[in-house]
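>>> Sequence plus the predicted model coming up.
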Amino acid sequence: ILNVEQSPQSLHVQEGDSTNFTCSFPSSNFYALHWYRWETAKSPEALFVMTLNGDEKKKGRISATLNTKEGYSYLYIKGSQPEDSATYLCAPYLNTDKLIFGTGTRLQVFP
Amino acid sequence: DAGVIQSPRHEVTEMGQEVTLRCKPISGHNSLFWYRQTMMRGLELLIYFNNNVPIDDSGMPEDRFSAKMPNASFSTLKIQPSEPRDSAVYFCASSLTGGRSYEQYFGPGTRLTVT
């Protein structure tokens, strides 16, 4: 069984706070890691795809890092805004030849 | 670009009936994925196609489920006969290739309720 863990499960922060969450995955047979943002009543939207150990990607206030040797990725949001409220999913691409989605971190940003 | 199109958006049916969900991928994408989202299992892959050919259907729950992709711009997921435990949101996604480095674009989903 391939275990993809995301923590915390949920997070409530005030507008302006910076936050980060973790995705842990099996480090063997790693090919890529995807991050998706999923707003309520909408569909998942891709944020980043990372493949190399040490990779760091950034999109506006959101950034992500990748450690393939120890099997984790961090997602950071700087100065959270209410519109950042969503569930953030990570999905490693392992030797199963398909994405394995974690259960997500649900972020709520209060004004 | 219209994105991935799914229909219907909502489907309510009685147990035992046949249900057909439809998907039109983004033009130029040659990989298509069917996912199911449930509270218990999260987002799970049912089947995916590359160049209209089914590559991995190991996630299809049982023989009641079948999927086809007759051409590059259309796919169906059929459940026959449907059961209450099939109630879920079904997403279709497409990507440039089935490869690991390409992001997937998701459709709006079909919410299926089987009574």
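Arrived safely.

>>> The residue nearest to B:Val4 when sequence neighbours are not counted - how many residues pack around it?
Of all residues not flanking B:Val4 in the chain, B:Gly107 sits nearest, at 3.6 Å (C-beta to C-beta, 6 or more residues apart in numbering or on different chains). (Glycine included, C-beta is placed from N, CA and C.) Other residues within reach of B:Gly107, judged by other C-beta atoms under 10 Å in any protein chain shown, total 23.

>>> B:Gly107 against B:Val89, yeah?
No - contact criterion C-beta atoms under 8 Å: B:Gly107 and B:Val89 do not qualify, at 10.6 Å.

>>> For the nearest residue to B:Gln104 once chain neighbours are set aside, what is the enclosing helix or strand?
Leaving aside its sequence neighbours, B:Gln104 sits nearest to B:Ala93 (C-beta to C-beta, 6+ apart; 4.2 Å). Using DSSP states H and E, B:Ala93 sits in strand B:88-95.

>>> ok, residues contacting that strand?
Contact partners of strand B:88-95, identified using C-beta atoms under 8 Å, 6 or more residues apart in numbering or on different chains, comprise A:43-44, B:4, B:6, B:21, B:23, B:25-26, B:29, B:31-38, B:43, B:46, B:75, B:77, B:102-107, B:109-112.

>>> Show the contacting residues for the residue nearest the centre of chain B.
For chain B, B:Trp34 is the residue whose C-alpha lies nearest the centre (C-alpha atoms, centre = their mean; 3.0 Å). Neighbour list for B:Trp34: B:23, B:45-48, B:67, B:75, B:77, B:90-92 [criterion: C-beta under 8 Å, 6+ apart].

>>> Just the pLDDT at residue 69, thanks.
In the absence of a named chain, this looks at chain A. With respect to pLDDT, A:Lys69 scores 93.

>>> that's the wrong chain, I meant chain B
Predicted confidence (pLDDT) for B:Met69: 97.

>>> I am finished for the moment; much appreciated.
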